[in-house]
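Trainee: the sequence and its predicted three-dimensional model are supplied below.
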Number of protein chains: 6
Amino acid sequence: MGQLVEEFNTYREKMNERIMDTANVNIKRFFALDTTSYAEGALDVKTKEMLGLVSSMVLRCDDCIKYHLGKCHEAGVNSAEMNEIFMIANLVGGSIVIPHYRRAVEYWDELNGFQQ
Amino acid sequence: MGQLVEEFNTYREKMNERIMDTANVNIKRFFALDTTSYAEGALDVKTKEMLGLVSSMVLRCDDCIKYHLGKCHEAGVNSAEMNEIFMIANLVGGSIVIPHYRRAVEYWDELNGFQQ
Amino acid sequence: MGQLVEEFNTYREKMNERIMDTANVNIKRFFALDTTSYAEGALDVKTKEMLGLVSSMVLRCDDCIKYHLGKCHEAGVNSAEMNEIFMIANLVGGSIVIPHYRRAVEYWDELNGFQQ
Amino acid sequence: MGQLVEEFNTYREKMNERIMDTANVNIKRFFALDTTSYAEGALDVKTKEMLGLVSSMVLRCDDCIKYHLGKCHEAGVNSAEMNEIFMIANLVGGSIVIPHYRRAVEYWDELNGFQQ
Amino acid sequence: MGQLVEEFNTYREKMNERIMDTANVNIKRFFALDTTSYAEGALDVKTKEMLGLVSSMVLRCDDCIKYHLGKCHEAGVNSAEMNEIFMIANLVGGSIVIPHYRRAVEYWDELNGFQQ
Amino acid sequence: MGQLVEEFNTYREKMNERIMDTANVNIKRFFALDTTSYAEGALDVKTKEMLGLVSSMVLRCDDCIKYHLGKCHEAGVNSAEMNEIFMIANLVGGSIVIPHYRRAVEYWDELNGFQQ
C-alpha cells in the first residue's frame, strides 16, 4: 500500500472511531445509511461505487474521491473505465474539476502500483 | 409523451438550434464532447447515463436531471435501479437535493406513463 | 394562507406521498432523519430551523428556503431576527444569494400576512 | 423591451424596494457594496460586468445572469465577445451550466431585439 | 492552545494584516460587514456563530469551519449542541460534508483540550 | 520564482504529463479546449484570464486560482486591478471566499516578488 493511500486510510479510521465515540444517534444513523446505500442491490457494488466517485468529483471533495477510488479499485474498475468516469466528471463539473482529477490520477496510480 | 417531457424537449431543441446558429467553434466542440462522452465505450450507455444523472442531481440542475432521466429511461433503467440512484444522490448531496428529487420522481413517473 | 405558501405546500405534500409509495427503505430512513434532526434536543426547534434556513440560503435552494421560512414562522422567529439570518446568508453566500433573498422576503411577507 | 427583460426588471425592482423598506443596516450596506463594486475604477465598467456575468454563470444563478447580461449589453459587449464569455463559463463550470447558457442566449437575443 | 488552532490563527492573522495593508476600500468595508454581522443584535452571538458554522459546513470550507468552531467555543456551545449542528450540516449538505466533519471533530477536540 | 509558485507549477506539470500519457481522446480534447478558450480572440488574453480567475475564486478552487493568478501576472494585470477582481469575487461568492482570498494574496505577493 502506497503512502497516499495509507495516510488517507489511517486518518479516516482514526477520526471515524472518534466520531463513533462522540456522535449522537442521528449521526450514527446517517453513517449507517452511508454504508448500506453502496451495498449490492438492484445495482451492483461496482456501479454504485462509480456513482459515488463521479458525484464526489463533480462536488470536488478530494477525500471522498480517494475513498471511492479505493472502492472502485476493489470492485474491479479498470483504467479504461476509470478514464470514462474521469471524462464525465470533467465534462459535467468543468475545468474546475481538473486539479482534483490530477490528484485522482496520482491516487489511482498508487492503488494500481504504478511508480511515477 | 407527457407534458413535462414535451415542454422540456421542445425548449431544449429550440435553444440548441439557436446555439448552433450563433455559437463559436469552441462552444460547438464542447457540445460535441457532451455527446460523444456518453457513447458506448469501456462503459456502456446505461452506466454512463446513470453517472450523468447522479452528477446532475448532486449539482442540483433540474434540466440536466430531466435530460438524463429521459436517457436512463431509453437505456432501460428500471425503477428499483432508479431508486438506488436517487438514494445515492440524496445521501451524497444531502437533503438540499430533496426538492429536485421530488421533481425527478414526477418526471420519471411521466416517462413511465404513470398517471398521478 | 397565501398563494405562494399554498402552492408550495400542496406540491410538496403530493410528491412526498408519491415518494413514500415508491421509495426504497434507505430513502425512507433518510426522510425520517430529515424529520428527527430538527426535533427539540440539546438545541431548541427555533434554533434548529434557523440553522436549516441559513444552510438552505447559502446553498440557494428556493424550496428548502420556503420550507424553513414556514417552520421559522411557526417557531416564532420575528422579523428583526429574520433579517439577521438574511444578512448572514447574504454575507457568507455572497450576492449570488440575493435573488433567493428577494423571493424569501416575498414568501416571509406572505407568511406574515403582509399585502404587497 | 421584450417580455423576459420586462418581467425580470419589474420583479427585481419591486422586491428591491421592499428590501429597502424592511432590511437592517448591514443588508443595506451589503447592497451598497454590490453597486459600488461594479463602478468604474482601475477596471472599466464593461470588464467588471463581464466578471460579474461569468461568476453568475459558473455559480448558475439565472437571475444574476439576466442582470449582468443587461449590464453587459448597456456596456457595449458585442456578440462575439459574449460568446467567448459563454465559452469560458461552460468550460470552467462544465456542462451543468448548459441549461443556464440556453436561457442566457434567449435573454441576450431579446436584449438585442432578435425575434426567435 | 493546540497546534491546529495555533497554525490556523497565526496564518489568518498574518494574511488579514497583509490584506488590510493592500486591500481597496470596498474590500475593507466587506471585512467590516463580516465582523459586525456576528455582533449581538436581535439574535445573540452564540446563535449567530452557530449560523456561521453550519453555513461554513454545508459550503465545505475548512478554514471557515475552524474559525466558527473557535467562536462557538468562546460563546459556550457545548458538545451536545455541537453534535446537533454537525448533524444538520451532514444532513443538509450530505455525505460530501463528512471529511470536513472529521476535521471539525479533530479541531473541536483540540479546542476542548481533548488528547487523541 | 518563489516556493509556492514553483511547487504549484512542478506538480501541475508532472501530473499533466501523466494525464497526457494515460487519458482517453475526449479528455485530451477537453484539455485542448481549456487551452484554446483563453487565447486571444474577440476578447484579449488579459480579459480572459481575469474571467478565469474570478470564476475560480467564486468556485473556490485554490489550484485554479493559482494558475490564473500566474497568467494574470504574465498578462500585466496590476495590483489595483487585481484588488477589484478580488472584491468582485468576495462580493459575488461571499465571505466563504475569504480563506481563498488570503491564499491568493500570498501567491500574488510571491508572483510580484514581495517578501512577507
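Mentor: On my side now, so go ahead. Numbering: from 1, shown residues only, chains lettered A, B, ... in the order given.

Trainee: can you give me the pLDDT of the residue nearest the centre of chain A?
Mentor: Most central in chain A under Cα atoms, centre = their mean is residue A:68, positioned 1.8 Å from the mean C-alpha point. Predicted confidence (pLDDT) for residue A:68: 98.

Trainee: isn't it up against residue A:45?
Mentor: No: at 11.4 Å, residue A:68 and residue A:45 do not qualify as touching, with contact defined as Cβ atoms under 8 Å. In this view, the C-beta of every residue, glycine as well, is placed from N, C-alpha and C.

Trainee: tell me how far the residue nearest to the centre of chain A lies from chain D.
Mentor: In this view, residue A:68 and chain D are 19 Å apart by Cβ to the nearest Cβ, to the nearest Å.

Trainee: please name the nearest non-neighbouring residue to that residue.
Mentor: Distance criterion Cβ to Cβ, 6 or more residues apart in numbering or on different chains; nearest residue to residue A:68, sequence neighbours excluded, is residue A:53 at 3.8 Å.

Trainee: now name the helix or strand holding that neighbour.
Mentor: Assigned by DSSP states H and E, residue A:53 falls within helix A:45-58.

Trainee: same thing with residue A:15?
Mentor: Residue A:15 belongs to helix A:3-22, assigned by DSSP H and E.

Trainee: could you pull up the mean pLDDT of that helix?
Mentor: 98.

Trainee: now the element after the helix holding residue A:53, going C-ward?
Mentor: Per DSSP H and E, helix A:45-58 leads on to helix A:62-74 as the next helix or strand towards the C-terminus.

Trainee: centre of the chain to that next one, how far?
Mentor: 2 Å (Cα atoms, centre = their mean, to the nearest Å).

Trainee: which elements pack onto that helix?
Mentor: If contacts are counted by 3 or more Cβ pairs under 8 Å, 6 or more residues apart in numbering or on different chains; DSSP states H and E, helix A:62-74 sits against helix A:3-22, helix A:45-58, helix A:98-111, helix E:98-111.

Trainee: ok and the second one relative to helix E:98-111, angle-wise?
Mentor: Which is helix A:45-58. Using axes from the mean of the first three to the mean of the last three Cα atoms, to 10 degrees, the inter-axis angle of helix A:45-58 relative to helix E:98-111 is 70 degrees.

Trainee: could you check the angle helix A:45-58 makes with helix A:62-74?
Mentor: Going by the same axes, to 10 degrees, helix A:45-58 makes 160 degrees with helix A:62-74.

Trainee: C-alpha coordinates for helix A:45-58, PDB please?
Mentor: Output in PDB follows, covering the C-alpha atoms of helix A:45-58 (Å, rounded to 0.1, in the frame of the first residue of the first chain):
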ATOM      1  CA  VAL A  45     -21.400  -2.600  -5.900                       C
ATOM      2  CA  LYS A  46     -19.200  -1.600  -8.900                       C
ATOM      3  CA  THR A  47     -21.900   0.600 -10.400                       C
ATOM      4  CA  LYS A  48     -22.700   2.200  -7.100                       C
ATOM      5  CA  GLU A  49     -19.100   3.000  -6.400                       C
ATOM      6  CA  MET A  50     -18.800   4.600  -9.800                       C
ATOM      7  CA  LEU A  51     -21.800   6.700  -8.900                       C
ATOM      8  CA  GLY A  52     -20.200   7.700  -5.600                       C
ATOM      9  CA  LEU A  53     -17.000   8.600  -7.400                       C
ATOM     10  CA  VAL A  54     -18.400  10.700 -10.100                       C
ATOM     11  CA  SER A  55     -20.600  12.600  -7.500                       C
ATOM     12  CA  SER A  56     -17.500  13.200  -5.400                       C
ATOM     13  CA  MET A  57     -15.600  14.500  -8.400                       C
ATOM     14  CA  VAL A  58     -18.200  17.000  -9.600                       C
END
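
Trainee: number of nearby residues for residue A:40?
Mentor: By the measure other Cβ atoms under 10 Å in any protein chain shown, the count of residues near residue A:40 is 10.

Trainee: distance of it from chain F?
Mentor: 29 Å.

Trainee: kindly report the same for residue A:36.
Mentor: Residue A:36 sits 32 Å away from chain F, taking Cβ to the nearest Cβ as the criterion.

Trainee: same thing with residue A:9?
Mentor: 22 Å.

Trainee: what does residue A:2 give?
Mentor: The separation that residue A:2 has from chain F, given Cβ to the nearest Cβ, amounts to 15 Å.

Trainee: let me see the contact set for the closest residue to that residue other than its chain neighbours.
Mentor: Closest residue to residue A:2 apart from its sequence neighbours, by Cβ to Cβ, 6+ apart: residue A:110 at 3.7 Å. Residues near residue A:110 by Cβ atoms under 8 Å, 6 or more residues apart in numbering or on different chains: A:2, A:3, A:4, A:5.

Trainee: give me the buried entries from those.
Mentor: In terms of neighbour count (16 or more other Cβ atoms under 10 Å in any protein chain shown), the buried residues within the contacts of residue A:110 are residue A:5.

Trainee: run through chain A and note the low-pLDDT ranges.
Mentor: Screening chain A residue by residue with the criterion pLDDT under 70, one finds the ranges A:116.

Trainee: closest residue of it to chain D?
Mentor: When scored by Cβ to the nearest Cβ, chain A has residue A:94 as its residue closest to chain D, at 2.9 Å.
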